[in-house]
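S.K.: return atomic coordinates for the entry below.
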Amino acid sequence: MAIRNVCIFGGSGFVGGHLANLLTAQDINLCIPTRQRERAKELLVLPTADVMQANVYDDAELDRVLSGVDAVINLVGTIKGDFNAAHVELPRKIVAACQRNGIARLLHMSALNAGPGQPSAYLRSKGEGERIVMSSGLDATVFKPSVIFGPGDSSLSLFARLGRLPVLPLASPEAKFQPVFVEDVVQAFAGSLDAPHTIGHSYNLCGPKCYSLRQLFEYAAHVAGHKPVIIGLNEPLSYLQALVLEFLPGKLMTRDNYYSMKVDNICDCDGPGNLTKVWGIQSIAIEEVAPYYLAHRMPRVRYDDFRQRAGR
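M.R.: You can find the predicted model right below:
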């Protein structure tokens, strides 16, 4: 059966917005539940999207939003909130709701390195959510990306803003990342909806290049026109910075973020990754995209160029 009706949990977030635009362009009908409908105004104009205000932790509300749905996509995640509620309890409720409503297809966003025994609660909770989904008996596919970048991100965009500071003390400066472009990630999701060969599989998603955290900060600041003095902190000072920031407004960093960075967030820096091998996507590096949105020069035509070049 061709999938024409999809519910996206987390559809009003960064990745969700990009995915909703892509699926709408493919004439797929979307249900996007959100706690506050007015906060998803940019999605209201999408011709095939129905943005519904709902409490997704309530079973009756879940049944309501899943009525008539062919497949479910769960993108919900947090890096500084209630990990158990977002990453464990909600996937369990979504799985149960899919089973009650006869929905077999479930695509789930986990995280690179998620699993038991990891140093951070974020990675452990993501791993437990992944286990729940993969053991559910549903036709599930799990995606485990490295840090995701692109217009509207909370990674490179934050680094660029912090680059305005003349001096920047940086915790865990040698932590490793392999950033992946948001448009590549959503292409993988969209390309898996009707792809039986992806059922039962978990895929790491990474871009073509690896960077240290220091390199990412330096690059983002440079592109935004800044040149701060970056002072790399040792382990005790990195922990202390995380502790202090955790209790300040905005929580730019937490101790759990510090623990997460103890595990290199990379796939394989030397060969083609799953994006190419599974979906034929030629992954895009940050240098090809970041200058356009960090410097506020990202016209829509530039997106079209990326997609056309990749044969999308």
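
S.K.: residue 95 sits in which helix or strand?
M.R.: helix 90-100 (DSSP states H and E).

S.K.: same question for that helix: list its buried residues.
M.R.: 90, 91, 93, 94, 95, 97, 98 (16 or more other Cβ atoms under 10 Å). Yep, even glycine has a C-beta here, placed from its N, CA and C like the rest.

S.K.: for the residue nearest to residue 281 when sequence neighbours are not counted, grab the count of nearby residues.
M.R.: Spatially, and ignoring its direct neighbours in sequence, residue 281 is nearest to residue 275 (4.2 Å; Cβ to Cβ, 6 or more residues apart in numbering). Residues within reach of residue 275, counting by other Cβ atoms under 10 Å, total 27.

S.K.: just the strands from this protein, written as ranges.
M.R.: Assignment of strands within the chain using DSSP state E yields the ranges 5-9, 29-34, 49-53, 71-74, 105-109, 139-145, 148-149, 167-170, 176-177, 180-181, 202-205, 211-212, 229-232.

S.K.: residue ranges with poor pLDDT in this structure?
M.R.: 1, 270-271, 296-312 (pLDDT under 70).

S.K.: please repeat the previous calculation with a cut-off of 90.
M.R.: 1-2, 35-42, 44-45, 80-81, 250-251, 268-273, 294-312 (pLDDT under 90).

S.K.: spit out the contact partners of the residue sitting furthest away from the middle of it.
M.R.: In the chain, the residue that sits farthest from the middle, by Cα atoms, centre = their mean, is residue 166; the gap is 30.2 Å. When contacts are counted by Cβ atoms under 8 Å, 6 or more residues apart in numbering, residue 166 touches 228, 229.

S.K.: now with 10 Å, please.
M.R.: Residues in contact with residue 166, defined by Cβ atoms under 10 Å, 6 or more residues apart in numbering, are 226, 227, 228, 229.

S.K.: do the same with residue 247
M.R.: Going by Cβ under 10 Å, 6+ apart, residue 247 touches residue 254.

S.K.: again with residue 133
M.R.: 74, 91-92, 94-95, 98, 106-110, 140-142, 202.
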